[in-house]
Structure formats: C-alpha cells, structure tokens
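Student: Predicted structure and sequence below. I'll ask about it afterward.
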Amino acid sequence: MREASLIEQGRAARRHGSQPDPAFTNLSPRPWLASYPPGVPAEIDVEALGTLVDLFETSVTAFADRPAILCFGSTLTYASLGKQARALAAWLRAQGLAKGDRVAIMLPNVPAYAVALFGVLSAGGTVVNVNPLYTPREFAQQINDSGARFLIVLENFGPTVAGALADVALERVLLVGPGDGLGLKGHVINLASRHVRKAVPPFRLPEGLALPFTTALRRGSGMPHAAVPVDPEDLAFLQYTGGTTGVAKAAMLTHRNVMANVEQSQLFFNSKDPSILRCAVTALPLYHIFALTACFFQFMRNGGSCLLIPNPRDCDGMVKTLSRHRFTHLMGVNTLFNVLINHPKIHTVDFSHLDFVVGGGTAVQRPVAERWKALTGNTILEGYGLSETSPVVSANPPGIREFSGTIGYPFPSTEVSIRDAAGKPVPAGQPGEICVRGPQVMRGYWNKPEETARAMTPDGFFRTGDVAVMEPDGQIKIVDRMKDMILVSGFNVYPNEVEEVLAAHPGVLECAVVGAPSEETGEMVVAHVVMKDPDVSTDALRAHARTQLTGYKVPRRVVLHDALPKTNVGKVLRRVLRDETPPG
C-alpha cells in the first residue's frame, strides 16, 4: 500500500543511512548536532533494540527487590510486578488471546496499570489505552474501532462500560480495585476506597463477562507461562489521537518505535549511573503517551520507581504525597506546574533531590517556568512530541540554566525539517510545518490508509500539523498550529466533535467551537451558539455537553449570537470568532 511504502522508505533511510532526495533536505542538515551535550551520539543503534517485553523481563530480574511502583503509601517491587504480569499473561492466553489481539486498558494511575500493561504485552497482545473519563459514546467508538476483545477497567468506571455494552462486542472484562497489585495492603485500600469514595451508580454486567482482576491473577498464577515470541516490529500500542485532522484514529506504535524513544531519551539526557535509585513523580496519566514513555518505560528500564498520583485533581492530596517522598524527576504540563507553585502548602515539599524536570504536552508559559525556578531552583526542560512519534521529537538538554522558550533540539536519529505549504524546506528563522523522520515515528494509522498517506511526505517524513521556526543552531520554537485543534492541559479537543454534540440539542440552531487562552489550562473550549429556543440557558447547554463529552471537552464558556460569521459558501469563520473571544 502507498502509505506503507512511504513509511518504509523513511524507516529504511534511518536504519541504513541512505540519503533522502536533496530537494527535500533542510538547507543545513542537522545543525543541532553541534549543540548536543558531550557524549550524546548523533545516532542510536536501531537494529540492536529489543522489545518492551525484553525490557520487562530484564528489569524484573535485575532489579527484583527494588520498588517499581509507589502508590497509596505502599510499594510494588519489580519481583512482584513480574510475578503478577506473568500470571495475567497466562490467564489471557488461556482465554484465547492470540498474538496481536487488542486489549483495552481503562485505568488511571493505579498499581494495576503496570501489571496490566506488561501482562498484555507479555502475552503478545496490543494495548489500547482508553481514557477512564470517557462517556459511553466515546468509549464505544474506541472499542469498536480498535476491535479490542478484552477490557481491563477500574471498577469505578463500570457504569461507563455498562452504558456501552449494547454497542460493543467485548468478550471479557476484568474489574480492578484501586489497591489491586499491592497484596493484603491493597485489599485494605480497596475496602477503604469503597467506603469513602463518592457513590458509583449501580451497574450490572452480564454473567460470565466480568471477573475481578485479582481472580484472573490468582487463576493465572497456577497456569504455565509460555513466552510468546514478540518481534520489534510487532504492534505494542494503538494510541488514540486526533492527529492533525480531528478524526479519531489510532497511531500504530511498534515495540521498536517505543524502545527507540526510550533509548533516545536515555542518551540525550545522559542519564546518571542507572544503579542509583531514582524516582519519577507520575502525575500525568499513564494512558497518555508522554507519561507512558517518559515516566514509566524510561524508569522501568533503569530500575527506578514511579510515584503514582492517581488523582492529580486532588491538589491537596498530591502535595501531601510529594511531601512524603524524595523524588528525583518530575514530568508535567504547564497546568501541573502552575497548580503546584500556587498551592499554599507547596513549601512542605522537598525539591532538593530533583535531577531534572521536563515539561511537555502543551506549551509551558514563561511566567510559570520562572516561578517554578524561583520555588525549586530547577529549570523546566521543555520538549515536544506527539502520539505518532512515541512521543518525543525534541527537548532541551539538561544543564541549561534558564528556561529557553523553545522545544529544544531533535533527538538522536531524528530528522526535523521545517517545510512550506509546497513541502519544501524553509530557511532558518522562517515559519513552516514541523516534519519528522526517525525510528520513533509510527507505522501508520490503524485501518486508515488515506489518513496515513495524508500525514506523510513523499520522502517519508511525518507531517505534524504544527508550525515552528528553526534557529540556525537547530533549536525549534513553536509558532502556531495549522488546524483548529484546542489543547486543554495537554489533551486534544477537536471542535467538530464538540459542535456535533451541541448541535444535537433541540434548542440550538447553529454553533461553532474555538479555543481561547486560559491561565489555568493553557487553552479552554468556547462555544459560540445561535439559539433556536431562547428559553434554553447556557448552563443547560453545558450540562447537555457533559452527558456526551469528557470533562475537558465541555465548553468552559458559551457565547450567544444572533448569527455566526460565514464565508460566501456558508462555512463558519472560526478565525473571526477566535479573534473576538477574550481570554479566560
């Protein structure tokens, strides 16, 4: 197929050192190499990379007694993680899971996520990460598109699954308690959680469909665990993203894609002696590609630990947790940094052990970065990536003294070309679309060959849809986004989806959705609406949206109009509305 040939062309160029068509190269190929920190190579050995299963098996053996996961005041060791993940893999295989079958994981940052993730991968499956806050409609869309046969879900979100059962064809559902994976202490946590948490609406799943996660582990522990041969080119994840078009689709990430990004990060950040115990604050959700690679896999590789924050919206609880731990790394988005520096008890947290802090997902605002530096003495290293690139493309190197305001330099074995609308490279300092080629770039979009072809250049570069300028030394600075995507706390919101939900309300005549700057979340969703029924309130519209959309997609503000601005052919001018929308 055409899209496969484009990606293979790019992959071959990166592996074997072939030169791309000179017409498509940057005016100064890879100028960033001269700015690399000492010891950082220009290339990684892609062919030497193993799989994520290799990473798992090596780590659980080499670091058996070390803490892998810290959560709820308890510890999950590497040895325990290995034992439970292998038990889950055995159970899944006994249920008929075949190599390449998709398993959906719908979990927040709880210990069972690590068990579920490595269990699925060890069984030869492909992980489909699902946002636990999805509505039944959103959940059903992702399950059906991915063809997931099994689901592992926190019991709190059982009502979502029950509400979508008529529209999906799941074979088995494993219900997870928040403390699962932590043994007897986890059982106590589960009992306490069910007692104090907000009431979960009653739900019922068909008999024979659902099973407690711990029961599956217990049964699997008595089954033989036969290793499933996994190849670096096998699919590890279907990572859902709207990409640059707003159409929900899954980036196909292979074991090699993700392992390449782990290796690139390891070398670029020139990690210290891996024998040193290291701890990463993992407040960003692991179902998001940033935390998954930068926190989870990176630290699993080095025998470090992930300090899980199950609910980062509980700011008091998060600060209390941080005050009780010595952590060496923190990965976050602008919103997280802003929340922490403004918390009244942030001075109870000891930041003296921090090695470095990485910001991504959305642009880090300079005032936030400066206040963070004043508070912690640490400069935020801003980076850039996408689900399609596993995710990191570029980052600021450790050791910089001041916040740069750029997304740094491309990683080893990564080519970044800034191109104009015709696909030709632009000179340094001129804006253009960021195009990326490297071993971390996805195989393509799941079951969407046309989307894949549109996302690739003739010489195998991935078109990100983001506009940037490249400085003469290779630093990259984001200018704008090509599409109308709204970025709320690092999560993509696509106007078409929100508009479709609002337009379904009987009181709405027409609507358009745009983004507006927000100090709290980077951007916020604003709906411009022409009402058919003037008696319908803006609060009612937002309540309607809340029944169909995840919270961050719900319009923060609804602006009423007599008419919306349109082109001569009747297309709503979102640009005009965006210019007229004041910041939040």
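Tutor: Okay, I see it. As the structure is a prediction and not an experimental result, all values here were calculated from the model. Residues are numbered from 1 along each chain as shown.
Student: just how off-centre is the biggest helix by length in the chain within its chain?
Tutor: Counting residues, the longest helix found in the chain (DSSP state H) is helix 78-94. What separates the centre of helix 78-94 from the centre of its chain is 24 Å, taken as CA atoms, centre = their mean, to the nearest Å.
Student: Pull out the buried positions in it.
Tutor: For helix 78-94, a neighbour-count test (16 or more other CB atoms under 10 Å) marks 78, 80-93 as buried. C-beta: built from backbone N, CA, C; applies to glycine.
Student: how about the helices in the stretch 401-550 of the chain?
Tutor: Counting by DSSP state H, counting those that start in this stretch, the stretch 401-550 of the chain has helices at residues 449-455, 495-503, 538-546.
Student: I'd like these as JSON lines, with mean pLDDT appended.
Tutor: Listed next are the helices of the stretch 401-550 of the chain as JSON lines, based on pLDDT from 0 to 100:
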{"stretch": "helix 449-455", "mean pLDDT": "95"}
{"stretch": "helix 495-503", "mean pLDDT": "86"}
{"stretch": "helix 538-546", "mean pLDDT": "95"}
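Student: Make a markdown table out of those helices and add mean neighbour count and distance to Q141.
Tutor: Formatted as a markdown table, the helices of the stretch 401-550 of the chain follow (neighbours: other CB atoms under 10 Å; distance: least, CB to CB, whole Å):
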| stretch | mean neighbour count | distance to Q141 |
| --- | --- | --- |
| helix 449-455 | 18 | 16 |
| helix 495-503 | 19 | 10 |
| helix 538-546 | 16 | 16 |
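Student: Now render the ones you listed as JSON lines, adding distance to D420.
Tutor: Formatted as JSON lines, the helices of the stretch 401-550 of the chain follow (distance: least, CB to CB, whole Å):
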{"stretch": "helix 449-455", "distance to D420": "17"}
{"stretch": "helix 495-503", "distance to D420": "26"}
{"stretch": "helix 538-546", "distance to D420": "38"}
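Student: looking at the ones you listed, which is closest to D231?
Tutor: Evaluated over the helices of the stretch 401-550 of the chain, closeness to D231 peaks at helix 449-455, with 20.9 Å, by CB to CB.
Student: Show me the beta-bridge partners of the closest residue to R556 other than its chain neighbours.
Tutor: Take R556 and drop its neighbours on the chain: the residue closest to it by CB to CB, 6 or more residues apart in numbering is M524, 4.1 Å away. For M524, the beta-bridge partners under DSSP bridges are A516.
Student: Identify the residues contacting M524.
Tutor: 486, 488, 515-518, 556-557, 584 (CB atoms under 8 Å, 6 or more residues apart in numbering).
Student: If you rank the residues you listed by neighbours, which is first?
Tutor: Scoring the contacts of M524 on neighbours with other CB atoms under 10 Å, the highest-scoring entry is I486 at 26 neighbours.
Student: my guess is it contacts A527, does it?
Tutor: No. Applying CB atoms under 8 Å, one finds I486 not in contact with A527, separated by 11.1 Å.
Student: which residues are in contact with both of these two?
Tutor: Both I486 and A527 are contacted by V513, under the criterion CB under 8 Å, 6+ apart.
Student: Tell me how many other residues crowd A162.
Tutor: By other CB under 10 Å, 18 other residues sit near A162.
Student: now P29
Tutor: P29: 13 neighbours (other CB under 10 Å).
Student: ditto for the one 4 residues further on
Tutor: In terms of burial, L33 registers 16 neighbours under the definition other CB under 10 Å.
Student: ditto for the one 5 residues further on
Tutor: Burial of P38, expressed as a neighbour count using other CB under 10 Å, amounts to 5.
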